[in-house]
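Novice: pasting the sequence and the predicted coordinates here, then a few questions.
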Amino acid sequence: MIYRGRRLRQDAFIRSLARETRLSADTLIWPVFIRAGEGIFEEIPSLPGQYHYSVDQLGRAVDAALEAGVTKLLLFGLPAHKDAVGSDAYDENGIVQQGLRAIREKYGKSIYLITDICMCEYTDHGHCGILHGDYVDNDETLTYLDRIAVSHAGAGADMVAPSDMMDGRIGSMRSALDGAGYERLPIMAYSVKYASAFYGPFRDAAGSAPSFGDRKSYQMDPHNVREALREAALDEDEGADILMVKPAMTYLDVVRAVREQTTLPLCAYSVSGEYAMIKAAAAAGLVDEYKIMCESALSVYRAGADMLITYYAKELAGAIRRGDIG
Ligand code: PBG
């Protein structure tokens, strides 16, 4: 007795016909770390296979992305100089601003550049905003975030992605961008960002671990999912164009819940710890890296994400092209 499921699984043709989840390289975003200095193209110890690039070396990243079929980058900056207010983040000649201009000059509009808007890589205390005592001052931080966003827009960003988790930042940033003439620039909000240990390898890569305390007063409690829906609704009301859930793999229930609440495009960020765990397990010979990478990415789309930020973007684009997923 052959049931319907078996009939639909019997060969590659019908399996691809009946497939419920479709992936496309168009929906992949690759994070890239720009580091102050010259001639830097160095593998990041906590993220094997990912590199720090100085501005003069950034072409390597863009060429590799385009060759793999990835056309969207998410840029992070590691400045030469950190201070209490993270001034490199909004400096006309800040590290990300320099990177944006260098890529634009060489590649024009053939690559889409999204910038992470946050202060933790730029502050000497490693927190995501302006400190008063031991607390991040929400409203004062907003004025800095607005300046960073306008400055990135001026240097050529196609989209900004605030990851700070301050309240009211999307509304504030939208009016700052509009006021500066950037009405068309979309905002992708890190709406649902948990206080997660999965950011560990990123903080090593970006030198952005807080020097004291943690981020629990502004990032979300992993116990909560209704709170995720409130955060998503606020960002949507304030004008976010795309919502994001982060991390991805251990929060797929949250991706699904936000998917069911919003009609906006939804992104998920498969963060540094997810990538580093697969790399480490594969290096120990415990799992098949390629298959685990494919299956993990698939799970995020199946949960309801429309797009994925991942350190595996280039390799996934290859897997999609070869028909191993998608
Ligand atoms: C900046 C920021 C972080 C990540 C993205 N933007 C670090 C953090 O919040 O501590 C993490 C990304 C990753 O782990 O891959 N706030």
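Specialist: Structure's in. What do you need? In this text the structure is predicted, and so the values were computed from the model without any measurement.
Novice: does the longest helix along the chain reach the ligand?
Specialist: Counting residues, the longest helix in the chain under DSSP state H turns out to be helix 138-155. No. Interface with the ligand: helix 138-155 contributes nothing (Cβ under 6 Å from any ligand atom), its closest point being 11.3 Å away. Backbone N, C-alpha and C define where each C-beta goes, glycine included.
Novice: residues in contact with that helix?
Specialist: Helix 138-155 is touched from outside by 85-86, 89-92, 94, 96-98, 100-101, 115, 117-119, 128-130, 132, 160, 162, 164, 166-169, 172-173, 176-177, 180, 182, 185, 187, 218, with contacts defined as Cβ atoms under 8 Å, 6 or more residues apart in numbering.
Novice: contact residues of the stretch 51-200 of the chain facing the ligand?
Specialist: Applying Cβ under 6 Å from any ligand atom, one finds that the stretch 51-200 of the chain approaches the ligand through 116, 118, 120, 128, 163, 199.
Novice: picking up where we left off before, what about the contacts of helix 138-155, which are in strands?
Specialist: 115, 117, 132, 160, 162 (DSSP state E).
Novice: can you pull out the strands in the stretch 151-300 of the chain?
Specialist: 159-162, 188-193, 242-246, 266-270 (DSSP state E, counting those that start in this stretch).
Novice: dump these to a markdown table, plus mean neighbour count, mean pLDDT and distance to V254.
Specialist: Output for these, formatted as a markdown table (neighbours: other Cβ atoms under 10 Å; pLDDT from 0 to 100; distance: least, Cβ to Cβ, whole Å):
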| stretch | mean neighbour count | mean pLDDT | distance to V254 |
| --- | --- | --- | --- |
| strand 159-162 | 24 | 98 | 18 |
| strand 188-193 | 28 | 97 | 6 |
| strand 242-246 | 26 | 98 | 5 |
| strand 266-270 | 27 | 98 | 9 |
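Novice: dump these to CSV, plus distance to L229.
Specialist: Shown next, in CSV, are the strands of the stretch 151-300 of the chain (distance: least, Cβ to Cβ, whole Å):
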stretch, distance to L229
strand 159-162, 19
strand 188-193, 9
strand 242-246, 11
strand 266-270, 13
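Novice: the ones you listed: which one's closest to R321?
Specialist: The minimum distance between R321 and those falls on strand 266-270, with 19.3 Å, by Cβ to Cβ.
Novice: partners of the closest one, with directions?
Specialist: strand 242-246 (parallel), strand 307-310 (parallel) (DSSP bridges).
Novice: perfect, I'm done here.
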